[in-house]
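K.L.:
Could you look at this predicted model? Sequence included:
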Amino acid sequence: MGLIHGSASFTRYMAEGTLPQHFMEVLSESIARYAFRELDEKSIDERSAGWVNIMDMFDNRFAGIEFLKEPYVAMSLRIDERKIPPTALKQYCREAEDRIKEEEHLEFLPKSRRADIKEAVRLRLLKRAIPVARVYDMIWNTVTGLVVFGCTSARICDEFMVRFLQTFNLQLQAICPFTLGELFLIKEGASQNLLDGLGPTRFLEGR
Amino acid sequence: MQLLDKVRKTEFLGREFLLWLWFKSETGEGIFDLGDKGKAELWLDGKITLQSENERGVETITCTGEALNMKEARFALAGEKEIRQATVKLAIGDNQWSFVLDSTWMNFRSFKTPRVINDGKEDPDGLFYEKAFLIEEAISAMDRIYASFIGDRLSPEWLTETRSAIARWIRQGATGGVTQPLSAEREMD
């Protein structure tokens, strides 16, 4: 479920800085550079991440300017990952070890040899694993600077911030109660330092 | 100061904001002026998570129910617990949103907009714009309400009036009492 369909969880940011001149002209090129690429069936790559059309997660071509819905730039960050179930890896490793022990008439396999077998089995299984696709919507209001990203996981949010910087050459400021308060004070023309002196309120005695 | 340090040192602001919202909505002051956007009514309804940290470690309680004036959650406030997450209902005109607000990052979880007219089959862009508008409208309303909290929090009245009114409300909640709204208290004074 994303921002457009169903219910969603999201994190907010403010895009810092002003948009460069001719921003719109270079936008298509930047987005195409960081668009999602399918994991090759023959490759052993475990992960692929990039932009797709917010209305169609299978469209990564951006043939037109689907990302531009003025005043918004809207896309989804698609992340495909190949994962091998741990029990399957364990089972295939044990079978491979037993086969080698039998072929080489060995009673035990040293740790380093078992690690090599495990890696070889993992790579073999990786080619057979079907990638799991996840999609996180992003809506950026280029007038106000507000960016809404449809995820609250710290790891994915960090990856999103990096991808945003790479694509648009703009830093994102994460919103938290303090930064939101600062934005309010700036808007009111008050000193930002007012928040620095605050401490938790003791509502009840002894707290 | 690095952002994460700032977040950690000031995370009490988010917890106090949720407490202030709950107090306001329970004492009949849950209607907020949004300027040219009209008025927003806000109340806590559904799941609420409270937490405390002490020498025994972290203690968390989650209360679920339609009536959040329920004793258990209010009793937890009277102990040493603070609100970490709360389900918020926001109404502006005929539109109603529902979401879980997180005190640390002010993230929105399980965010539901009012029902949209466009199903997106014939006009996908229409659906996008309708959804984007509804998301921004809720965010903008919550930001204005938060600004109102910050204004209240930085005012001298926070220590002289609001703090004691909230403290009374917390104590009375644990015993099932009724608290007067702040405006009524000011009139009585």
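P.N.:
Cool, the structure landed.
K.L.:
for residue 41, helix, strand, or coil?
P.N.:
All of this is about chain A. At A:Glu41 the chain is in coil, as set by DSSP: H, G, I helix; E, B strand; the rest coil.
K.L.:
do B:Val7 as well
P.N.:
Looking at B:Val7 with three-state DSSP, the answer is helix.
K.L.:
What sits closest to it if chain neighbours are left out?
P.N.:
Using C-beta to C-beta, 6 or more residues apart in numbering or on different chains and skipping residues adjacent in sequence, the residue nearest B:Val7 is A:Cys176, 4.8 Å away. Any C-beta I mention is one placed from the backbone N, CA and C, and that applies to glycine too.
K.L.:
which residues touch the one you found?
P.N.:
Residues counted as contacts of A:Cys176 (C-beta atoms under 8 Å, 6 or more residues apart in numbering or on different chains) are B:3, B:6-7, B:10-11, B:14, B:104-106.
K.L.:
Looking at neighbours, which among those residues is most surrounded?
P.N.:
Using other C-beta atoms under 10 Å in any protein chain shown as the neighbour test, the contacts of A:Cys176 are led by B:Gly14, with 27 neighbours.
K.L.:
where's that residue, which helix or strand?
P.N.:
According to DSSP states H and E, B:Gly14 maps onto helix B:12-26.
K.L.:
Tell me the gap between that helix and the middle of its chain.
P.N.:
The chain centroid and the centroid of helix B:12-26 are separated by 5 Å under C-alpha atoms, centre = their mean, to the nearest Å.
K.L.:
is it anywhere near chain A?
P.N.:
Yes. Judged by C-beta under 8 Å from any C-beta of the partner chain, helix B:12-26 and chain A are in contact via B:12-14, B:16-17, B:19.
K.L.:
quick check, nearest of these to A:Leu77?
P.N.:
Nearest to A:Leu77 among the residues of helix B:12-26 next to chain A is B:Gly14, at 26.0 Å by C-beta to C-beta.
K.L.:
Quick check, pLDDT for the closest one.
P.N.:
We have a pLDDT of 94 for B:Gly14.
K.L.:
okay, which residue is most central for chain A?
P.N.:
A:Ile156 (3.8 Å; C-alpha atoms, centre = their mean).
K.L.:
dump the residue contacts of B:Met106.
P.N.:
Contacts of B:Met106 (C-beta under 8 Å, 6+ apart): A:12, A:175-177, A:180, B:14, B:142, B:146.
K.L.:
The lowest-mean-pLDDT helix or strand in chain A: which residues count as buried?
P.N.:
Least confident element among the helices and strands of chain A, by mean pLDDT, DSSP states H and E: helix A:23-33 (a mean of 84). If you call a residue buried by 16 or more other C-beta atoms under 10 Å in any protein chain shown, then helix A:23-33 has these buried ones: A:27, A:31.
K.L.:
do stretch A:78-91 as well
P.N.:
A:78-80, A:82, A:84, A:89.
K.L.:
Who does B:Thr87 form a beta bridge with?
P.N.:
Beta-bridge partners for B:Thr87, by DSSP bridges, are B:Val100.
K.L.:
Please report the distance of it from A:Arg122.
P.N.:
Separation of B:Thr87 from A:Arg122 (C-beta to C-beta, to the nearest Å): 43 Å.
K.L.:
Just the residues contacting stretch A:95-104, thanks.
P.N.:
A:106-109, A:113-114, A:117, A:120-121.
K.L.:
Low-confidence regions, the chain specifically.
P.N.:
Let's take chain A. Counting by pLDDT under 70, chain A has low-confidence residues at A:1, A:205-207.
K.L.:
wrong one, I was asking about chain B
P.N.:
Across chain B, the ranges flagged by pLDDT under 70 are B:1, B:66-70, B:120, B:176-189.
K.L.:
Out of the contacts of B:Met106, name the ones that lie in strands.
P.N.:
Secondary structure from DSSP state E places A:Arg12 of the contacts of B:Met106 in strands.
K.L.:
Among the contacts of B:Met106, which lie within helices?
P.N.:
Taking DSSP state H, the ones among the contacts of B:Met106 that sit in helices are A:177, A:180, B:14, B:142, B:146.
K.L.:
In this structure the third one contacts A:Leu180, no?
P.N.:
No. With contact defined as C-beta atoms under 8 Å, B:Gly14 and A:Leu180 do not form a contacting pair (9.1 Å).
K.L.:
any idea where the helices of chain B begin and end?
P.N.:
Going by DSSP H, chain B shows helices at B:3-9, B:12-26, B:71-78, B:124-154, B:157, B:163-175, B:182-188.
K.L.:
ranking those by burial, who's on top?
P.N.:
Stretch with highest mean neighbour count among the helices of chain B: helix B:12-26 (a mean of 23; mean count of other C-beta atoms under 10 Å in any protein chain shown).
K.L.:
one step back: just the residues contacting the least confident helix or strand of chain A, thanks.
P.N.:
Residues outside helix A:23-33 that contact it (C-beta under 8 Å, 6+ apart) are A:20, A:51, A:62, A:65, A:67-68, A:73, A:75, A:167-169.
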